[in-house]
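have a look at this prediction, sequence included:
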Amino acid sequence: MNELATKYGMLSGISSAEVYPDGSIKECILGEENSINTLYGALIPQYENDGVRRKYINSLSFYQNGNLKSISLQSQTDISTEVGTIPAELVTFYEDESIHRIFPLNGKMSGYWTEEDEYELAREFQFEFSFGTFKKKIICIQFYENGSIKSLTFWPKDTVTLQTPTGMTETRIGIAVYPNGQIKSVEPVEPVPVDTCIGRIHAFDANAIGIHGDINSLNFYEDGRIKSLITSTDRIEAIDHDGNKKIFKPSYKPNLFNESIMDLVPLKIDFDDNKVMIDDGTEHEYSIDRCSFSITRVVKEAGSKCSGCSGCSACG
């Protein structure tokens, strides 16, 4: 397969391709310049491999209905969106052709090209939300089908301070937003005291890895109530209506690569109407108005050395 007709025009110079079971094109790599006609103007898919900075990935991918799923652009290209013009090296789409994600840069990290090199190329963007206005470099913008911002992913070295329902919160990794523009979730830089329906809990995920800002450790309902959080520092004592007591707290587990190092395992807590779900590896559900709770701080250090005791449970 060297040439192929698509709804966006004829593709030529196809060096490799994958198809769906019905024979329709799924993805391809191009070896020569093509210009395709899209809802966002004429776009030139990537056809050269610079060998140093750019990822050499599929030039184009398609949904089975023939609509464009993603395009890796030959050079950074301005894309018009509902929130303004954004330069892009990689764009992904929903099945209805609306923009899903824009990556202003799409470089690869190697011994010849570092994250710092890529960061220096990044441009700052101005964002205005009801919960804060800021100017930052971003790795990715995710959109809803209607064109409003769904999430932002920040560079690892950057933080943003925002007015959340729990107060001013310094945020890392990224943020998620509801379609109406209200804050959906954030990833706190440090433990943040949060007043919940069972007491004050410090929200913080010591294991947050920062792949994207779509899902974060401190989540809100649209009306600002706490939906869920992760704590790496707090102990929760729950007493049910029969007087049964159970204690939940962050725990340790051996590191996958070095069993002498113990990794911290935070607690996840969800709030739904009159219920609270506490997950310490197993989910436990309590009716808030029929149970009592007390919370204390027990700060643990990730990466602690194993004491060599008889078992992890003995460390408390």
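Perfect, thanks for sending it. Numbering: from 1, shown residues only.

quick one: residue 216 and residue 184, what's the gap?
In this view, residue 216 and residue 184 are 8 Å apart by C-beta to C-beta, to the nearest Å. C-beta: built from backbone N, CA, C; applies to glycine.

list the residues that contact both of those two?
Common neighbours of residue 216 and residue 184, using C-beta atoms under 8 Å, 6 or more residues apart in numbering, are 175, 176.

higher neighbour count, those two?
Between residue 216 and residue 184, counted using other C-beta atoms under 10 Å, the more crowded position is residue 216 (25 against 21).

hmm, that one is touching residue 186, no?
Yes - if you go by C-beta atoms under 8 Å, residue 216 and residue 186 touch, sitting 5.4 Å apart.

need the residues touching each of those two.
Residues touching both residue 216 and residue 186 by C-beta under 8 Å, 6+ apart: 175, 176.

what's residue 201 in contact with, if anything?
Taking C-beta under 8 Å, 6+ apart, one finds 193, 194, 229, 231, 234, 236, 269, 295 in contact with residue 201.

likewise residue 200?
193, 194, 295.

so what's the closest residue to residue 251 other than its chain neighbours up against?
Distances taken as C-beta to C-beta, 6 or more residues apart in numbering place residue 265 nearest to residue 251, at 4.7 Å, with adjacent residues excluded. Counting by C-beta under 8 Å, 6+ apart, residue 265 makes contact with 207, 250, 251, 252, 253, 280, 281.

restricted to strands, list these.
251, 252, 253 (DSSP state E).

so how far is residue 280 from the closest residue to the second one other than its chain neighbours?
Which is residue 252. Distance criterion C-beta to C-beta, 6+ apart; nearest residue to residue 252, sequence neighbours excluded, is residue 262 at 3.9 Å. Using C-beta to C-beta, residue 262 is found at 16 Å from residue 280.

rewinding a little: got a quick ChimeraX command for the buried subset of the contacts of residue 265?
Here is the ChimeraX command that selects the buried residues among the contacts of residue 265 (16 or more other C-beta atoms under 10 Å):
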select :250,251,252,280
